[in-house]
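Student: prediction below, plus the sequence it came from.
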Amino acid sequence: MSSPDGAPHVVIRSVSKRYGPLTVLDRVDLTVARGELVTLLGPSGCGKTTLLRLVAGLATPEEGAIAIAGRDVTRVPPHRRNVGVVFQSYALFPHLTVAGNVAFGLAVRGRPREEIDRAVARTLSLVRLEHLGSRRVSALSGGQQQRVALARALAVEPEVLLFDEALSALDRNLREDMQVELRRLLREIGATAIFVTHDQDEALTMSDRIAVMNGGRIEQLADPKTLYARPATLFTLGFVGQSTRVRGTVAAAADGVVTVDTPVGRLSAMGHFAAGSPVVVAARPEHLNVVADAAGHDGGDRARNRVDGRVRAVIFQGSRSRIEVEAGGETLLAELPGRGAADLRPGDDARLVWPVAETFVYPDPEARP
Amino acid sequence: MTDTAVRTPVTAVTRPDNDRWLTLGFAAPATVVLALLFVLPLALLLVASVAGPAGFSLAEYGRLTTPHYLGVIWNSLRLAVLTTGIAFAIGYPAAFALARARGVVRSALLATLFLPLAASVIVKAFAWTILLRSDGIVNTVLLALGLVDEPIRMIFTETALIVGAVNIFLPFMILPIYAVVAQLDHRLVDAAATLGASPAVAFVRVVVPLTLPGIIAGVALVFSLSVSAYVVPTLLIGERYPTLSTTIAKAFLLARQPAFGAAAGVVLLAITLAAVALSARLGRSGGSR
Ligand SMILES: Nc1ncnc2c1ncn2[C@@H]1O[C@H](COP(=O)(O)OP(=O)(O)OP(=O)(O)O)[C@@H](O)[C@H]1O
Ligand SMILES: [Mg+2]
């Protein structure tokens, strides 16, 4: 009940949207299963809001089609789509009370008074605001307004819920609480949801799947773990989590492993490139281990990369420490749990060691002539 | 926690006091001016209206209840209601068009609203007489085109009066509504649509309530201006349509009946105040906030 059942609920097929000469969405495909929460993650201006507006019917695509629950809604106006939207600014009606806002959708559908009252009470208790029904919305805190916006969207029992940066106006602690609470609530009611954010932690916390968007296209669509562990493109790698990246040229390739000459030395990575190709080699900081004395014991291990350098900074961050190591003019980032870096000091010689299997390699986007 | 504990007494004790003194301070000049220039003369007017030859008397008010003067009051109300109604019907959509316009079009539209305010009402009323006279521009054109055989009587009709009044007072309807419409958050309309409201329903349930403060300001302004208009009825219709204002002027300037003029003035003032109070009340009960 709490997991998506796999049946497609929202189908976005090859949708393009242009504003004048600007192509804001370029042949986007996305299928959201019933009960699934898919997050659109991407930098400002990549088209996240635009894609949501197309699903809500607040804008119409130039090409492609959108279907909700098997019905083609590409040209259906928003008020006949039954799609709930929680806007970034909440867009609560300032002339109505909390209950008036939540009742709005049912009232315009002409439902009888008692039914509306019951639905409002039920929805307000769902978001734990049952005691605030008669308040003016301007007399609410940001977190409470956010819940009213959610309750208003839920009250009409929409096919799909759309959230446009719905939590970004909240301060950090409240936002993290709301992420967990909202995720639980959505699972409870089995809602299909599309969630927009440019906060990667929020996306990783909340989503069944994440669509990383860039320049009006979906770069990668995957569940959070895959996205983090196996970023398909350099853009995804840079946008989700931290990484160290160095450029280089492929020296040799064999059996799905490439050897790359870089300023920090010769590195190996899993990938298929012809010798001579310009590439970018990358790794996550938590995979880099710091070995203080460079007289390594694992001398000939071909499954590991090794870089010798000098510690530039040790940054204590509570549960972990970040170590910046300089080698060949590049700065490599390592992350050690707890006080694992207690005996390291800036200026010390250090050797970084990490598995080839956790080394990414991508074509160098800037090397094109 | 500690932060609030330290701050609470400070804000709780000194802020309201400061605010009160500040408010009084800012209001002081306006209060003095209003007291000297309005309250005092109006008090004198009130006194004059009940001062008969033998002390206190309501005789002048009695004269205002004769059929003729009831007709005069009716004329004023009719002029005000028609002008306000038509100005609203034209001005409300115009305010939206203005808010929606961009760039040069918007500047041009705003200029057509503001520039007439710079011209005296007498100039504008005369302009209408030039347009509407039997040998005026409209009739000349109609005759030249052969659309009519003889000049149509337009000036000194009620139609001319209302058309002129609407034209002259329209900016006072559009500007306050425009000020509110320009602030309207379009995401609210989007939100209403996603909740199932058709454009018409969203308009009635969201746009109208949120623009109500502007509507009320515009209606109150145009109503008070047109119920007390003097130049417009004098120049565009004249003797055939006596209003409270023209009656007051005649009483003071021609008939030398200051007590009667004062009584009519008090009635006009009462009507205007009632209209303003009513709209303020509507604004509180139905408007936003
Ligand atoms: N109505 C419009 N007219 C013209 N251009 C628009 C319109 N709406 C959006 N755009 C443009 O489309 C692009 C994508 O906008 P969109 O709002 O979808 O981005 P976003 O990914 O939601 O960004 P953000 O994270 O800043 O909200 C932007 O370059 C924006 O300027
Ligand atoms: Mg956006």
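Tutor: Arrived safely, thanks for sending. Ligands and ions are numbered 1, 2, ... in the order given.
Student: got a pLDDT number for the closest residue in space to A:R304 that isn't next to it in sequence?
Tutor: In space, A:R304 comes closest to A:V353 once its chain neighbours are excluded; the distance is 5.4 Å by C-beta to C-beta, 6 or more residues apart in numbering or on different chains. C-betas here are computed from N, CA, C, even on glycine. Note on A:V353: pLDDT of 92.
Student: so how many other residues sit close to A:V353?
Tutor: Counted with other C-beta atoms under 10 Å in any protein chain shown, the neighbours of A:V353 add up to 17.
Student: go on, A:Q317?
Tutor: If we define neighbours as other C-beta under 10 Å, then A:Q317 has 8 of them.
Student: so which residues on chain A come close to ligand 1?
Tutor: Within chain A, the positions lying close to ligand 1 (C-beta under 6 Å from any ligand atom) are A:19, A:24, A:42, A:44-50, A:198.
Student: quick check: B:P151 touching B:V141?
Tutor: No - B:P151 is beyond contact range of B:V141, at 11.0 Å (criterion: C-beta atoms under 8 Å).
Student: would you confirm that A:F93 contacts A:V102?
Tutor: No - using C-beta under 8 Å as the test, A:F93 is too far from A:V102 to be in contact (10.4 Å).
Student: quick check, the residue nearest to A:R304 in a strand?
Tutor: Yes - membership of A:V353 in a strand is supported by DSSP: H, G, I helix; E, B strand; the rest coil.
Student: who's it bridged to?
Tutor: In this structure, A:V353 has beta-bridge partners A:N289, A:R306, where bridges are defined by DSSP bridges.
Student: separation between it and A:V257?
Tutor: From A:V353 across to A:V257, the span is 17 Å (C-beta to C-beta, to the nearest Å).
Student: who are the neighbours in contact with the residue positioned nearest the centre of chain A?
Tutor: Relative to the mean C-alpha position of chain A, the nearest C-alpha, by C-alpha atoms, centre = their mean, is the one of A:A203, at 3.5 Å. Shown in contact with A:A203 (C-beta atoms under 8 Å, 6 or more residues apart in numbering or on different chains): A:39, A:41, A:195, A:197, A:210, A:224, A:240.
Student: and stretch A:114-122 with chain B, contact?
Tutor: No - legend: contact between stretch A:114-122 and chain B by C-beta under 8 Å from any C-beta of the partner chain is lacking; minimum distance shown is 12.7 Å.
Student: and for stretch A:319-333, what's in contact with it?
Tutor: If you take C-beta under 8 Å, 6+ apart as the criterion, stretch A:319-333 is touched by A:242-244, A:246, A:262-265, A:285, A:288, A:290, A:307-315, A:334-341, A:344, A:350, A:352.
Student: buried residues of it, list them for me.
Tutor: Buried residues in stretch A:319-333, counting neighbours by 16 or more other C-beta atoms under 10 Å in any protein chain shown, are found at A:320-327, A:330, A:332-333.
Student: first-to-last residue distance for that stretch?
Tutor: Distances were taken as C-alpha to C-alpha, to the nearest Å; on that basis the terminal residues of stretch A:319-333 are 16 Å apart.
Student: likewise stretch B:143-153?
Tutor: OK, stretch B:143-153 end separation, C-alpha to C-alpha: 13 Å.
Student: quick one on the thing from earlier: in TSV, list the buried residues of stretch A:319-333 along with distance to A:V55 and secondary structure.
Tutor: Conversion of these to TSV gives the following (distance: C-beta to C-beta, whole Å; DSSP: H, G, I helix; E, B strand; the rest coil):
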residue	distance to A:V55	secondary structure
A:R320	39	strand
A:S321	43	strand
A:R322	40	strand
A:I323	44	strand
A:E324	43	strand
A:V325	46	strand
A:E326	47	strand
A:A327	47	strand
A:E330	43	strand
A:L332	42	strand
A:L333	38	strand
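Student: export those residues to JSON lines and tack on distance to B:S134?
Tutor: Listed next are the buried residues of stretch A:319-333 as JSON lines, based on distance: C-beta to C-beta, whole Å:
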{"residue": "A:R320", "distance to B:S134": "94"}
{"residue": "A:S321", "distance to B:S134": "97"}
{"residue": "A:R322", "distance to B:S134": "92"}
{"residue": "A:I323", "distance to B:S134": "97"}
{"residue": "A:E324", "distance to B:S134": "93"}
{"residue": "A:V325", "distance to B:S134": "98"}
{"residue": "A:E326", "distance to B:S134": "97"}
{"residue": "A:A327", "distance to B:S134": "99"}
{"residue": "A:E330", "distance to B:S134": "93"}
{"residue": "A:L332", "distance to B:S134": "95"}
{"residue": "A:L333", "distance to B:S134": "91"}
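Student: having no further points to raise, I will conclude here.
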